[in-house]
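[1] sequence? don't have it. structure:
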DNA sequence: GTCCATGGTCTTTTT
DNA sequence: GACCATGGAC
């Protein structure tokens, strides 16, 4: 297929900074992949000097594949396609000494983070969940705004923020002692480094000579800063974005970065892609009408030349179970009639928990499916255990990991022993591992406890050596054998069947680890520290192989669906409280929910079906939800309400919605 | 030190 | 209704 004039312009414009405003389905991935090919083939760029950055692993994966298709595997070799966080991780890995980190640093996921914060604030916050989560998000915001503890302390005015700043300082200090980073650090540290260190900046500017950023509207302050620093004076970059698809403001994304770009780079070339090639007319019409309720920074008019075709359907279900069964029945019937493949269907939902019943219904009907994202695999105990062991192998100072597995399987190291070890370590600012070797420890800890702890630490040293010296795959294998993990699983699981499944998961993890350690033709071999951090970033889910033959129904959250497209889409749970989510209603944050709905609608190519329940269980209670206001905002002539059950109660809600939009529009106008 | 029962909490979204 | 943290019994 040929590129249209706007797309072609976006591909060929390489003289300076370039912003592509790409509506949904306007072929932005095509533009990015073609541009990479153009840079390599026509402009003498080597693929290893080009980096493309996206936000989700799924999007990165997809783009990698598309580029490999366009360019061929050989020419695409060395091309960096990753998420922002993985890019940050790579920068940190190379510069870790300058940053004062030991090789093999740990990456804390949010659960590790939470555990640490809880412990550090025991005195002040006493486990107050609300406060703790406010503290976490405050720290995250500081980091996203490139604010370090000293400045946070200076900026703080009210008592709570003063307290939070103190906690932030303490948190950072402990992270350093553990030789650990959190997700936000993966952006913060590279940014600060490139800002202050000319040598590192020169290296990375030379390494990345052309930068492409997808989903630019999702960048936060530090990410945008990082883009500017990598692009440097030459400003050879292309960013692609769409303010209507900004759905990550809750994690600091600032769609205003689209506007800032024009201010920071007056020579910025702005190209709009407005022709939609994805969705049939009615679907696009629905999307356009819905999003027209939001204020806009850039005016954009999406049009399509595709046929108008069948209306968008709205199906009712008695209950959640019924909803899942109906969707599955619809898919089976439709597939039979259309000779399509299961992989052509996607079921999209607001929250991960909604996948449960859908999975169940799919399973009972023996329909293959694939769940993207979600944390299920990595939140399993057995996986967390093994991950903790791997982290310890690479970084024995990682106290979180140490505590998790020091007595799993049982090693007769109980709370009393750990308490003593902990106090001793704390007084000296050492990690538990480091403290366990000290002679002074013998003052407080004696007998069996001491012996057991030292035996554990010694074992760690031995294994860590083995892993570092040579055969990491063997070391990991030995580790799992040494700890008799399989036996432990049979001991600790409710049934042999469960133990078997858990062991299966451990094997899967081990398989991934060995694959990553050994590399493949598409992926370079990694070191064990790399593997462990990458695994924490969930950077390797769905790496090929698990026979993706297009015969699996796709299940994912609306967030995870961004950037993807499917012939037939089901959006389930179209109810007030779910979409828009209750918390967004409470916080008057409807616009982002509307964009979320917009993202979902615009995933569909040929057919779109909404479903909602008359009754839904919530905390064990049965509630009767209202249909989502978004259904009422859609052009009703394009909608087919099942049994003509279109609800009547529009007036009041519409009025409220309009008022909200108007005030925000006024706000935006003031800003621009 | 380990195991099981009870009760309280919870469901946004991702790296 | 499911999951986890806590506490009491052994």
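    Arrived safely. This structure is a prediction, so every number in the text was calculated from the model and none was measured. Numbering: from 1, shown residues only, chains lettered A, B, ... in the order given.

[2] C-alpha only now, for contacts and for neighbours.
    Will do.

[3] list the buried ones in stretch A:25-37?
    A:25-37 (16 or more other C-alpha atoms under 10 Å).

[4] DNA strand B contacts on the stretch 301-450 of chain A?
    A:350-354, A:373-374, A:410-417 (C-alpha under 7 Å from any atom of the strand).

[5] of all these, which comes closest to residue A:267?
    Comparing those against residue A:267 with C-alpha to C-alpha places residue A:373 closest, at 38.7 Å.

[6] rewinding a little: please list which of the residues of the stretch 301-450 of chain A next to DNA strand B are also close to DNA strand C.
    Among those, proximity to DNA strand C is found for none (C-alpha under 7 Å from any atom of the strand).

[7] Any of the residues you listed buried? List them.
    Using 16+ other C-alpha under 10 Å, the buried members of these are A:350, A:351, A:352, A:354, A:373, A:374, A:413, A:417.

[8] which ones are touching the second one?
    Applying C-alpha atoms under 8 Å, 6 or more residues apart in numbering, one finds that residue A:351 lies in contact with residue A:557.

[9] helices or strands next to the strand or helix carrying residue A:201 in the packing?
    Assigned by DSSP states H and E, residue A:201 belongs to helix A:198-207. Counting contacts by 3 or more C-alpha pairs under 8 Å, 6 or more residues apart in numbering; DSSP states H and E, the secondary-structure elements packed against helix A:198-207 are helix A:185-196, helix A:221-231.

[10] buried set for that helix?
    A:200, A:201, A:204, A:205.

[11] And for stretch A:505-520?
    Quick answer for stretch A:505-520 (16+ other C-alpha under 10 Å): A:505, A:506, A:509, A:510, A:512, A:513, A:514, A:515, A:516, A:517.

[12] tell me the two of those residues that are most distant?
    A:505 and A:517 (18.3 Å).

[13] show me what contacts the residue nearest to residue A:527 when sequence neighbours are not counted?
    Once flanking residues are discounted, residue A:527 sits nearest to residue A:517: 6.0 Å by C-alpha to C-alpha, 6 or more residues apart in numbering. Residue A:517 sits next to A:472, A:473, A:525, A:526, A:527, A:528, A:531 when contact means C-alpha under 8 Å, 6+ apart.

[14] if I look at residue A:517, how far off is residue A:386?
    Per C-alpha to C-alpha, to the nearest Å, residue A:517 is found 16 Å from residue A:386.

[15] Most proximal residue of chain A with respect to DNA strand B?
    Scanning chain A for proximity to DNA strand B using C-alpha to the nearest atom of the strand identifies residue A:414 as nearest, at 2.3 Å.

[16] Could you pull up phi and psi at that residue?
    Residue A:414 has phi and psi values of phi -100, psi -180 when expressed as degrees, to the nearest 10.

[17] can you pull the pLDDT of the residue lying closest to it once chain neighbours are set aside?
    Excluding the flanking residues, the one nearest residue A:414 by C-alpha to C-alpha, 6+ apart is residue A:407, at 7.3 Å. Looking at residue A:407, its pLDDT reads 78.

[18] Show me what counts as buried in the strand or helix carrying residue A:466.
    Element membership of residue A:466 [criterion: DSSP H and E] is helix A:447-469. The neighbour-count check on helix A:447-469 (16+ other C-alpha under 10 Å) flags A:449-450, A:452-454, A:456-457, A:460-461, A:463-464, A:466-467 as buried.

[19] Kindly report the same for stretch A:488-497.
    Neighbour-count burial for stretch A:488-497 [16+ other C-alpha under 10 Å]: A:489, A:490.

[20] Do any residues in that stretch lie close to DNA strand B?
    Yes. Using C-alpha under 7 Å from any atom of the strand, stretch A:488-497 reaches DNA strand B at residue A:492.

[21] if we can go back for a sec, output the helices and strands packed on helix A:198-207 in TSV, with distance to residue A:300, mean neighbour count and mean pLDDT appended to each entry.
    Listed next are those as TSV, based on distance: least, C-alpha to C-alpha, whole Å; neighbours: other C-alpha atoms under 10 Å; pLDDT from 0 to 100:
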stretch	distance to residue A:300	mean neighbour count	mean pLDDT
helix A:185-196	31	21	95
helix A:221-231	23	22	94
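
[22] Quick one: mean pLDDT over the helix holding residue A:466.
    Helix A:447-469 comes out at a mean pLDDT of 87.

[23] residues from the stretch 201-350 of chain A in reach of DNA strand C?
    Close to DNA strand C, as judged by C-alpha under 7 Å from any atom of the strand, the stretch 201-350 of chain A has no residues.

[24] how about the strands of the stretch 201-350 of chain A, start to end?
    Using DSSP state E, counting those that start in this stretch, the strands found in the stretch 201-350 of chain A span residues A:210-213, A:237-241, A:269-273, A:275-276, A:303-304, A:312-317, A:345-349.

[25] List the pairing partners of the third one within its sheet, with orientation.
    What it means is strand A:269-273. strand A:18-22 (parallel) (DSSP bridges).

[26] next one: the fourth one
    Based on DSSP bridges, the pairing partners of strand A:275-276 within the sheet are strand A:303-304 (parallel).

[27] if we look at stretch A:361-379, which residues are touching it?
    In contact with stretch A:361-379 (C-alpha under 8 Å, 6+ apart) are residues A:324-325, A:328, A:342, A:352, A:359, A:383-384, A:551-557, A:560.

[28] Tell me the buried residues in it?
    A:361, A:362, A:367, A:369, A:370, A:371, A:372, A:373, A:374, A:378.

[29] Check stretch A:578-594 too.
    Those would be A:578, A:579, A:580, A:581, A:584, A:585, A:590, A:591, A:592, A:593, A:594, for stretch A:578-594 by 16+ other C-alpha under 10 Å.

[30] which residues touch the last one?
    Listed by C-alpha under 8 Å, 6+ apart, the contact partners of residue A:594 are A:290, A:291, A:294, A:580, A:630.

[31] for the first one, same thing?
    When contacts are counted by C-alpha under 8 Å, 6+ apart, residue A:578 is found next to residue A:350.

[32] Could you pull up phi and psi at it?
    Dihedral angles of residue A:578 (phi, psi; degrees, to the nearest 10) stand at phi -110, psi -50.

[33] Distance check, it against residue A:589.
    13 Å.

[34] same deal with residue A:204?
    For residue A:204 relative to residue A:589 (C-alpha to C-alpha), the value is 38 Å.

[35] who's in contact with the helix holding residue A:466?
    Helix A:447-469 is contacted by residues A:392-394, A:396, A:406, A:411-413, A:417, A:433, A:436-437, A:442, A:472-476, A:479, A:528 when judged by C-alpha under 8 Å, 6+ apart.

[36] now stretch A:247-254
    A:141, A:144, A:217-221, A:246, A:255, A:559, A:592-593, A:595-596.

[37] give me that answer again for 7 Å
    A:141, A:144, A:217, A:218, A:219, A:220, A:592, A:595, A:596 (C-alpha atoms under 7 Å, 6 or more residues apart in numbering).
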